[in-house]
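one predicted model, sequence on top.
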Amino acid sequence: MKDYLLISNTKENKISDFYLNLVSSYIEDSTNEKVPHKELSPGKAYEWQLTSNKYDSKLKNIMSDFESNYGIDCNFIKTTKKRKKKLLIADMDSTIIREESLDELAKLIGKEKEISFITNEAMNGRVEFKKALLDRVAILKGSSTDSLETLKKNLKINDGARELVKTMNMNGSITVLVSGGFTFLTDYLKELLGFKYTHANTLQIIQKEFEKFELSGKVEGSILDKKAKLQYLNKYIKKYKINHNDTICVGDGANDIEMIKHAGIGVSYYGKTVLNKIADIHFNYTSLLGVLYAQGYTDNNIIN
């Protein structure tokens, strides 16, 4: 096992020599060694390789304060010899895409307040996901399927998502999109971004008079929840004969807890408190490129 300290901020390109020297001094005080940093992205991401038995909890506390004071993500990463992961599993809503898809559908049909409240409760773990999903979908009953196409056209892909999927694909990794959202979006994103596999829930659509189609307010089949996300993680581990250390999972809410907990590296991406508590690393100032930096990729390795 090797340990790394990764600092990153892709929003402001702000990591200067001042910050690098400050972090190096913290490490030297903790380990009594001078540890050189490695540049992963100029002004955006740097790492230090640490000797596992030489740094202490005091350094972690100092870096936590550093993050709060300067707005730079600080993550301690434990890795195996094969640092670049063979399997990526990503959540969709508020992770790969900026939006919560059900909330955006609600806006299109004038039901934003009712649905967004339930979404927030579910993401923070205060409402069981299955119930929250079914309650929200029921509110969509009678809506035209035209709203689904409108939503696809208006999607905002989060920064770094394209590069993340493309780079891991080109390096022989398996990329999987697993969402508590819906197949009409995951299928679209599979084609747009290049995920090898996608899994999600299916909205039931019914045909009305004059060949018009609308949402029935129901979901077809079983619900894809946090248990299902873990099952998909285990399925691909078995399918490709790899182990949990070969995996990296990224998400933002309570529905991602199980897969994040069991991944080789579990990433909370601008995540809720309930997820931050169990994730190995977190990003609050860094794009999805951080998922690559956490694996040791540099800008020279990233495919645009």
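Thanks, I have the structure now.

tell me which stretches of the stretch 51-200 of the chain form strands.
With strands called from DSSP state E, counting those that start in this stretch, the stretch 51-200 of the chain shows them at 73-79, 87-90, 174-182, 197-207.

then the third one to CSV, C-alphas only?
Coordinates of the C-alpha atoms in strand 174-182 are reproduced here as CSV (Å, rounded to 0.1, in the frame of the first residue of the first chain):
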residue,chain,number,x,y,z
ILE,A,174,-14.8,-0.7,-17.6
THR,A,175,-17.1,2.3,-17.3
VAL,A,176,-20.6,1.9,-15.9
LEU,A,177,-23.3,4.5,-15.2
VAL,A,178,-25.7,3.2,-12.5
SER,A,179,-28.5,5.5,-11.6
GLY,A,180,-31.6,5.7,-9.5
GLY,A,181,-32.9,7.9,-12.3
PHE,A,182,-34.2,6.7,-15.6
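
check whether the residue lying closest to Lys141 once chain neighbours are set aside sits in a helix, strand or coil.
With sequence-adjacent residues excluded and distances taken as CB to CB, 6 or more residues apart in numbering, Lys141 is closest to Gly217, at 2.8 Å. Bear in mind the C-beta positions are built from the backbone N, C-alpha and C, glycine included. Look at Gly217: counting by DSSP: H, G, I helix; E, B strand; the rest coil, its state is strand.

measure stretch 85-102 end to end?
From its first residue to its last, stretch 85-102 covers 31 Å (CA to CA, to the nearest Å).

any idea how many residues pack against Ile109?
15 (other CB atoms under 10 Å).

that one touches Ser143, doesn't it?
Yes - taking CB atoms under 8 Å as the definition, Ile109 is a contact partner of Ser143 at 4.8 Å.

what distance separates the start and the end of stretch 291-304?
In stretch 291-304, first residue to last residue: 15 Å (CA to CA).

chain center to it: distance?
Taking CA atoms, centre = their mean, to the nearest Å, the mean C-alpha location of stretch 291-304 is offset from the chain mean by 16 Å.

ends of stretch 38-49, how far apart?
One end of stretch 38-49 sits 8 Å from the other (CA to CA).

what lies in contact with the helix or strand containing Ile260?
For Ile260, the host element (DSSP states H and E) is helix 257-262. With contacts defined as CB atoms under 8 Å, 6 or more residues apart in numbering, helix 257-262 is touched by 89, 125, 178, 226-227, 229-230, 232-234, 244, 249-251, 266-268, 274-275, 278-280.

out of those, name the ones that lie in strands.
Under the assignment DSSP state E, the contacts of helix 257-262 contribute 89, 178, 249-251, 266-268 to strands.

and which of those residues is nearest His37?
Closest approach between the ones in strands among the contacts of helix 257-262 and His37, by CB to CB: Val267, at 21.5 Å.

what is that closest one paired to in the beta sheet?
Val267 has the following beta-bridge partners by DSSP bridges: Val250, Ile281.
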